[in-house]
Each structure stands twice: as structure tokens, then as C-alpha cells.
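Enquirer: I'll drop the sequence and a predicted model, then ask my questions.
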Amino acid sequence: MWIPTALAGVAVLMVFAIYRDRKKKHNIFRKLGIPGPEPHWWYGNLKQLRSQTRLAHESLDEWSRVYGTTYGYYEGPTAILVTSDLNFLKSVFIKNFNKFHARKYFPLQPNPVTHPVCSMVVAEGQRWKRLRNISNPSFTSSKLKHATKMMNQKSEKLLQKLEELTKKGEVCNIQPFLQGLAMDVLGEAAFGIDLNAQGDTHTPLLSAIRKFVQQNGFQFEFMAVVPELRFRVFDVLFYLSKILSLPDWQIIEAVGKVLEMRREQPQRNPPDLMQLMIDAEASDDHGPLEIAWTTTAIRRVTEIERSRHAAELAKKKLTTDEIKIQGLLFLVAGYDTTSTVLSYCAYALATNPEKQQLLFDEINQNIEFEENLTYEMVHALPYLDMVLRETLRMYSTGGLVINRRCVESCTINGLTIPEGMVIQANVWNIHYDPDIWGPTDPTVFEPERFTAERRAELHPLAWLPFGAGPRNCIGLRFALLQAKIVLAKLIKKFRIVPCQQTKVPIELEEKSTIISPKGGVTVELQLREL
Ligand code: HEM
């Protein structure tokens, strides 16, 4: 009888210890004199952050109306400082980057310090720098110039598909088409292969990526409540994903096959991302990815892997597994973002016909039908640039990942930030601030906010769709170039008009870490007369 009683006593003591620990952690903002919503002792403010009626960015925006420019909330025990103070953000994202080079942990991710394999998006410190430095040369101006021909070809294929649909008199949900295009462009640019996602929208790779993007979203957010278990749960799930051949494993396997193929047919000119990674591959490989993915194996290999990693870090080399994970990252990071932004553009132009006409006039005067748009031609279309920037202001699809985790306690603009606190840029709030974007109401689509003169007056952190500082989006220029080529060709050929199925105002949803139009964007495309 005494055993169950003792166990119950231990359980009560443990719950009490956790309760006290949480209460202590939830006192951080009070001690710093920072306002914010009252946290629940167990899940913090997670339940209020996302509800049936509100998405996370709407909660952040709403809280800033109640608590002001800077406030704090908690995800489980983790303190999140949310701010729209542009100078404060500049200090964190740029001036003090050495203390803020990490992101808030994703709901499920590998341990960025001890796990043998991390992609750039979750890596930290030297590890992140090494991965970023190896990938950076893929995004130089000369690489982008080289990619324009391929982007043109893929866009022409998109137009053909859309024309077929239009001729049948059908309205179209444009997002899946744009997803196919984005995937084809990435396949060529990063790996030198034709994925033909536009030919067959149900290829196993595309389906796997779609599922991956859906599943790795906020349904795992409960992990924020028990951050101590996050890495272990990731390890177990990843191990299971191999056994069950879940989407992430399918993508990794597909990238692995490309890697093998490319090792046999090396050196494209100029080298693409895959070639850069192969060139940076370590000769003494660590062995297959799966060795790490059992909890017991992890303990066994960590020390060995750590010392190997230290040696590799010094050589700036990549392991085979890192190449595969980086490959997965680029496919996932570039696929949904660019296609989502283009879908928002279609919505914005359909519902603002006079702005669409201005854009058409600029394109019509400067480019011929089916012309191969060069890098220089695209950059000589200022209104096209303004339309994209305004769309990205109004619909900041990646706003929720624009945060940094403090890796060493420090004082920023008079505020003491303890290690582990996350600084979240309140992007949607900043992007709709009338003091920055007025006098025209920021809820109105007005590309004219981005004339060269007005841009020169903007604070460098006022427009944040791609984040800021050394850890901003690596694909920024690539994405903008691709989006401009597609949009210019699309508007030259079609008039985009709203139809019965167009949801006005647009409905949003949180998918993975991005904010997308719910159910895509359905519009009517009318062929323009030649
Ligand atoms: C319009 C399309 C895109 C948008 C809106 C977007 C947005 C973002 C944002 C907001 C971040 C976080 C930045 C920060 O924390 O400061 C990010 C990071 C990243 N993006 Fe993009 N992105 C786009 C396209 C792409 C493309 C095409 C690629 C790859 C070809 C890409 C690869 C990445 C990677 C690898 C990171 C992590 C960078 C790091 O941690 O160092 N993105 N993106």
C-alpha cells in the first residue's frame, strides 16, 4: 500500500515543482515592467494566440492595440517579446546579431547544437554561418541572370496551361498552377533537373512536399508547452517517418537520388546549388542519416558526431546528410512562399482593376509578346516592382518566422534581455501602421507607396516580408525575379478579374509557418486581344 502512496506523493511533488518553475518563468516580463496578457501556468498564452476566430498574427496585432508597441507573452514557459519598435528591431536583427543569431525553436526540430544534421533554417552560430556561406553563391546577380531564361520557359508553360483553361471558359484557382511553376523553377535552379510539376501536378515529390508543408505546421505547437521534449520527439518522429516513408523522408530520398545522379554528371556551368554543395562535400562521410534517429543511438553517436562536426566545421565541408537536408529546405522554403505571394498578387490586381491597368500599360509599352525577359528588362519596370512590394506589405506571408532568440543575455536600448527570450517582429502591425504608410489608408492596395522617393524615406526595417539582417531570406532576390517574370507575362496575356468564387475580402489561414489565402485564389482570366 505504501508504494502507490509514495508514487502519488512523488507525482504531486513533481507537478508542484513544475508549477513553481513555470510561475517563476512567467514572472520575467513583470520584473522587466513589460505589459502583456496574463499567462496560464501551463500553456502560457498559446490558447489565446490561436483560436477558432483568430490567427496568430491577428492576436499579435490585437495585443499591440491593448498593450502598446512592445509587450510580452508566453508560449508554454518561453518568453516572447513582441515589438513594432523599428529601432529596437534594428538593434536586435542587425547591430547585435552576434547575440541574436538564433530563431525561436520550431515546434519540432532537431537539436541545433548536438544533432549531427541540421538545415540552415534551424542551425545556429558557426554552424548556421557555414551552411549559409556555402549556399550564398547560388544567389549572386550572375546566377540570377543565368536563371532568367529557364524562368521564362517555365512561365510560358504556365501561360499555356492557363490559356487552355480559359478557352474552356473555366474560372481558375491559380494557386496550384503557381505552385507547380515554383517547383519546376526550383528543381532546375537548385538541382538542375526537370521536375515537371506543371505537367503532372500529382508527382510523388510534389505530393510529398504539399503534405510536408501541411503537416509540419502548428499542429505540433503543443511541443512549445514541453520544450524539454521537443528534440527527443523530433528524433522519434523522424525515425518513424523513415519506417513509414512519410513525406519528409520521401523528399530526402528524392534529393538523395538527385545527389547520386549529379555526382555522376558533375559541374554545370555556372554551378547550381547542388553542385556547390557537392563541391563542399566532405570526403570522409559520416555514414547514413538513419544512424542518429533512435533515442539510444543519439546518445551513443553524439560525442563521436560532435568531434567529427568540429573537424568538418573547420574545413567548412558538408556531410552527405546535410546536403540532403539542405535540399529539402530549399524545396520547401521556396515552393509555397513564392507561389503564395503570386496568388496574393492575382487577388490584389483582380480587385483593383485600375492598378492592374497601370501595370499592364507599363508592361505593354516595354515588352513584346512571348519575349524572353532579361534580368535588365525586368528591373526596368518600376510599377511591377511597386505592385509586388505592396502585395508583400499587405500579405506578409512569412511574418511569423521573423524572430530572433537571445543566445547571450544583454541590454538592448536600455532593456535587459535574458538568454532564451525570443524577440518577435510584429510584422503585420508594422505593415499596417498608418504613421509609416499613410496618408492613404494602409488597408488599401496602393503600389504608389513604393515610389523611389517614398522608399528612400522609409525606415530600413519598415518593410519586412523577407526579414532583416544577416539572417534574412536567402532567396529574396531569386523570389522577386521569378515573381516579376511570371507576373509580367501573366498580365501581358490575361486580364485578371474577380468571379463569383473570388472571396472578397480574402480569407487567410496559417499553413506550416506561412500565412496563405484559404483555399487558394479563384479568379477569371480573360485573354487580352493581341
Ligand atoms: C516571396 C517568396 C519568399 C518569401 C516571402 C520568403 C520569406 C522568408 C522569411 C520571412 C524568412 C525569415 C527571415 C528572417 O528570419 O529574417 C525566410 C528565410 C529563408 N528563406 Fe525565404 N522567402 C521567400 C522565398 C524563398 C526562396 C525562393 C528560397 C530558396 C530558393 C528561400 C529560402 C529561405 C531560406 C533558406 C531561409 C532561411 C535563411 C536563414 O536562416 O539563414 N526563400 N524567407
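Expert: Looks like it arrived, so ask away.

Enquirer: use CA for all of it now, contacts and neighbours both
Expert: Noted.

Enquirer: can you list the residues of the stretch 1-150 of the chain near the ligand?
Expert: Applying Cα under 6 Å from any ligand atom, we find that the stretch 1-150 of the chain lies next to the ligand at 120-121, 132.

Enquirer: Now find how far off-centre the lengthiest helix in the chain is within its chain.
Expert: The residue-count maximum for a helix in the chain (DSSP state H) belongs to helix 320-350. Here helix 320-350 shows a centroid-to-chain-centroid distance of 8 Å under the convention Cα atoms, centre = their mean, to the nearest Å.

Enquirer: For the helix or strand that that helix is followed by, output the C-alpha coordinates as CSV.
Expert: Using DSSP states H and E, the helix or strand that follows helix 320-350 in sequence is helix 353-366. The C-alpha coordinates for helix 353-366 follow below in CSV (Å, rounded to 0.1, in the frame of the first residue of the first chain):
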residue,chain,number,x,y,z
PRO,A,353,-8.6,46.9,-61.8
GLU,A,354,-7.3,50.5,-62.1
LYS,A,355,-3.9,49.4,-60.7
GLN,A,356,-3.9,46.4,-62.9
GLN,A,357,-4.4,48.7,-65.9
LEU,A,358,-1.4,50.8,-64.9
LEU,A,359,0.7,47.7,-64.6
PHE,A,360,-0.5,46.4,-68.0
ASP,A,361,0.3,49.8,-69.6
GLU,A,362,3.9,49.7,-68.3
ILE,A,363,4.4,46.1,-69.4
ASN,A,364,2.7,46.6,-72.7
GLN,A,365,4.9,49.6,-73.6
ASN,A,366,8.1,47.8,-72.6
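
Enquirer: Just the buried positions in helix 353-366, please.
Expert: Within helix 353-366, the residues scored as buried using 16 or more other Cα atoms under 10 Å are 355-356, 359-360, 362-364.

Enquirer: Summarise which helices and strands it is packed against.
Expert: Packing partners of helix 353-366 (3 or more Cα pairs under 8 Å, 6 or more residues apart in numbering; DSSP states H and E): helix 320-350, helix 382-394, helix 476-493.

Enquirer: right, is the longest one up against the ligand?
Expert: So that's helix 320-350. Yes: counting by Cα under 6 Å from any ligand atom, contacts between helix 320-350 and the ligand involve 330, 333-334, 337-338, 341.

Enquirer: and which of those is nearest Lys24?
Expert: Ranked by distance to Lys24 (Cα to Cα), these are led by Ala333 at 36.8 Å.

Enquirer: if we can go back for a sec, tabulate the residues of helix 320-350 next to the ligand (CSV), appending neighbour count and pLDDT.
Expert: Below are those laid out as CSV (neighbours: other Cα atoms under 10 Å; pLDDT from 0 to 100):
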residue, neighbour count, pLDDT
Phe330, 19, 86
Ala333, 18, 85
Gly334, 20, 84
Thr337, 21, 92
Thr338, 24, 94
Val341, 26, 96
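
Enquirer: ok, the nearest residue to Leu131 once chain neighbours are set aside - contacts?
Expert: Counting by Cα to Cα, 6 or more residues apart in numbering, Met120 is the residue found nearest to Leu131 once chain neighbours are left out, at 5.8 Å. Counting by Cα atoms under 8 Å, 6 or more residues apart in numbering, Met120 touches 128, 131-132, 326, 329.

Enquirer: One more: Ala350?
Expert: Contact analysis of Ala350 by Cα under 8 Å, 6+ apart lists 356, 496-498, 523.

Enquirer: what's around the residue lying closest to it once chain neighbours are set aside, how many residues?
Expert: Nearest residue to Ala350, sequence neighbours excluded (Cα to Cα, 6+ apart): Val497, at 4.6 Å. Neighbour count for Val497, taken as other Cα atoms under 10 Å: 20.

Enquirer: I'd say Val497 and Gln526 touch.
Expert: Yes: taking Cα atoms under 8 Å as the definition, Val497 is a contact partner of Gln526 at 7.5 Å.

Enquirer: So which of the contacts of Ala350 are in strands?
Expert: If you go by DSSP state E, these have 496-497, 523 in strands.

Enquirer: Quick check, pLDDT for the closest residue to the ligand within the stretch 151-300 of the chain.
Expert: At 6.6 Å from the ligand, Leu186 is the closest residue in the stretch 151-300 of the chain, using Cα to the nearest ligand atom. Looking at Leu186, its pLDDT reads 89.

Enquirer: Nearest spatial neighbour of it, chain-adjacent residues omitted?
Expert: In space, not counting the residues next to it along the chain, Leu186 is nearest to Leu331; the distance is 6.6 Å by Cα to Cα, 6+ apart.

Enquirer: List the contacts of the one you found.
Expert: Leu331 touches 183, 186-187, 209, counting by Cα under 8 Å, 6+ apart.

Enquirer: Try it again at 10 Å.
Expert: Shown in contact with Leu331 (Cα atoms under 10 Å, 6 or more residues apart in numbering): 182-184, 186-187, 190-191, 206, 209, 251, 255.

Enquirer: How about Cys406?
Expert: Going by Cα under 10 Å, 6+ apart, Cys406 touches 92, 96-104, 417-423.

Enquirer: All the helices of the stretch 201-350 of the chain, residue numbers only.
Expert: Taking DSSP state H, counting those that start in this stretch, the helices of the stretch 201-350 of the chain run over residues 204-215, 230-243, 247-264, 273-279, 295-315, 320-350.

Enquirer: Confidence-wise, which of those is weakest overall?
Expert: Lowest mean pLDDT of the helices of the stretch 201-350 of the chain: helix 295-315, a mean of 48.

Enquirer: Just give the number of residues close to the residue nearest to Glu322 when sequence neighbours are not counted.
Expert: Nearest in space to Glu322, with sequence neighbours left out and distances taken as Cα to Cα, 6+ apart, is Val117 at 5.7 Å. Other residues lying near Val117 total 24 when counted by other Cα under 10 Å.

Enquirer: Can you tell me how far Val117 is from the ligand?
Expert: 15 Å (Cα to the nearest ligand atom, to the nearest Å).

Enquirer: Thought Asp235 was touching that residue, still the case?
Expert: No: if you go by Cα atoms under 10 Å, Val117 and Asp235 don't touch, sitting 11.1 Å apart.

Enquirer: Closest approach to the ligand from the stretch 51-200 of the chain, which residue is it?
Expert: Nearest residue of the stretch 51-200 of the chain to the ligand: Val121, at 3.9 Å (Cα to the nearest ligand atom).

Enquirer: Shouldn't that residue be within a strand?
Expert: No: assessed with DSSP: H, G, I helix; E, B strand; the rest coil, Val121 is coil; it does not lie in a strand.
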